[in-house]
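Asker: fold the following for me, if possible:
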Amino acid sequence: MVKDLIVHSPILALFTPALPTIVTAEASNYGRGAVLTQLHEDNTERTVAFASRTLSHAERKYSTDKKEALACVGATEKWRTYLWGCAFKLCTDHSPLMTLLTTKGLGRAGYRIARWSARLLSFNYELEYKPGNQNVVADCLSRLPLLSPDGPLEDEDIVVAVITSTLTTVTKEQLQAACSACPIQQKLREFLTKRWPSYPKNLDPVLLPYFRVWDELSLLDGCVLQGTHRLLVPEELQSKLIHLAHNTHQGIVRTKRLWDLYWWPGMDSQTEALIKSCVSCQIHKTAVTCTPPL
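Answerer: Below you'll find the model as predicted:
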C-alpha cells in the first residue's frame, strides 16, 4: 500500500530522463524558490522536486537582475544530478535575463552575472520567458523560503588555477654569476670599459641590438645596466624571470612590469609568447575578452 502511494503520488513524480524537463526559478527580496517539473505523455506537467532558501544578508543587497540570475543558476546547480547531460528548459519571469544569461549578453552583463552565465555553459538548456501569472509555484516558494541558507552561491570559492610551481627567486649571487658567465655580457663589458666600434658592420649580429642603445648602457658591480636601473638579464635567466612574474597567472600588461627592473632585447615578444602558450590562462580567459563586441 505504501509503495503504491509513493509510485502514484498525486503531487510528486519520479524523474524520467526521456521526458521533457523544465526548471522554473524566481526570486523575491528575501528568498529564492524553484521547481523541477517534467512534461508527461498526457501533456500534464508534474513536479519532481521543490526548492527554496533564504537569501543571505549580502545577497539581499543585489539588484533585481542579480537576484533573479542567482535563482536560475542556484536551481540549475542544485539539480545537477538530474540535469547533467540532458536538454531542459530554464524558465524565468524576469525578461532582462533572456539577454543577460545568453550569448547576447556578452559584454553587457556585469561581472557577477557574466561569471554565473559561464557556469551554466556546462548545461544544455534553453532559456524561456514565463509571465509572472504563470510562475506562481516558484514565486510562492521565494516568498516563503526555508529559514536557513543552504550555502550561498556567491560564497563558494572559484578555483582559477592551482599553483604548484617549484620556481624559486633569483638571488643576487646567482644573477652576478650568470652575468659573469654570459658570453654576450663579457663582450659588452669589454666594449664598456674600452670603447664601442665606430660602425656596426664588423659586430657579431647578436650584439647589434645592444649597439643601437650603446649610449644607454653602463656597468655596475660587474653587471650591465640599461638606463639608470634596468638590469640586463643573461639569456639563461630570462625565461625563469618571466615565469616568476607570471606565476600567479596575471595578464600580459602586468607581467611586462618586469620592464621596471630588467631589460633584454626581445623581452616584450618573449613575454607575450609565454603567456599565450599558458594553458591555465587560455582555459580561464573570460568570454568577454575572447568574443568581439556586438
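
Asker: residues in contact with Tyr30?
Answerer: By C-beta atoms under 8 Å, 6 or more residues apart in numbering, the contact set of Tyr30 is Thr54, Leu55, Arg60, Pro145. Where you see a C-beta, it was placed from the backbone N, CA and C, and this is true even at glycine.

Asker: and with 7 Å instead?
Answerer: Tyr30 is in contact with Thr54, Leu55, Arg60, counting by C-beta atoms under 7 Å, 6 or more residues apart in numbering.

Asker: and the gap between Asn43 and Leu19?
Answerer: Distance of Asn43 to Leu19, given as C-beta to C-beta, to the nearest Å: 11 Å.

Asker: just the CA trace of stretch 200-207, in CSV.
Answerer: The C-alpha coordinates for stretch 200-207 follow below in CSV (Å, rounded to 0.1, in the frame of the first residue of the first chain):
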residue,chain,number,x,y,z
PRO,A,200,78.3,48.0,-36.5
LYS,A,201,79.2,46.2,-39.7
ASN,A,202,82.1,44.3,-38.0
LEU,A,203,80.0,43.3,-35.0
ASP,A,204,78.6,39.9,-34.2
PRO,A,205,74.8,40.0,-35.2
VAL,A,206,73.8,39.1,-31.7
LEU,A,207,75.4,42.3,-30.5
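
Asker: among the contacts of Tyr30, which are in strands?
Answerer: Thr54 (DSSP state E).

Asker: ok, Lys89 touching Ile22?
Answerer: Yes - in terms of C-beta atoms under 7 Å, Lys89 counts as a neighbour of Ile22; the distance is 4.7 Å.

Asker: so for the two, which residue has more residues nearby?
Answerer: Each of Lys89 and Ile22 has its neighbours counted (other C-beta atoms under 10 Å); Ile22 has more, 19 against 16.

Asker: which residues touch that one?
Answerer: Neighbour list for Ile22: Thr37, Leu39, Glu45, Phe88, Lys89, Cys91 [criterion: C-beta under 7 Å, 6+ apart].

Asker: looking at those, which is nearest Leu219?
Answerer: Phe88 (69.4 Å; C-beta to C-beta).

Asker: element containing that closest one?
Answerer: Here Phe88 is covered by strand 87-92, with elements defined by DSSP states H and E.

Asker: other residues contacting that strand?
Answerer: 21-25, 68, 72, 76, 124-130.

Asker: do the same with stretch 61-71
Answerer: The contact list for stretch 61-71 (C-beta under 7 Å, 6+ apart) reads 25-27, 32, 34, 59, 92, 94, 96-97, 100-101, 112-113, 116, 153.

Asker: that concludes my questions; thank you for your assistance.
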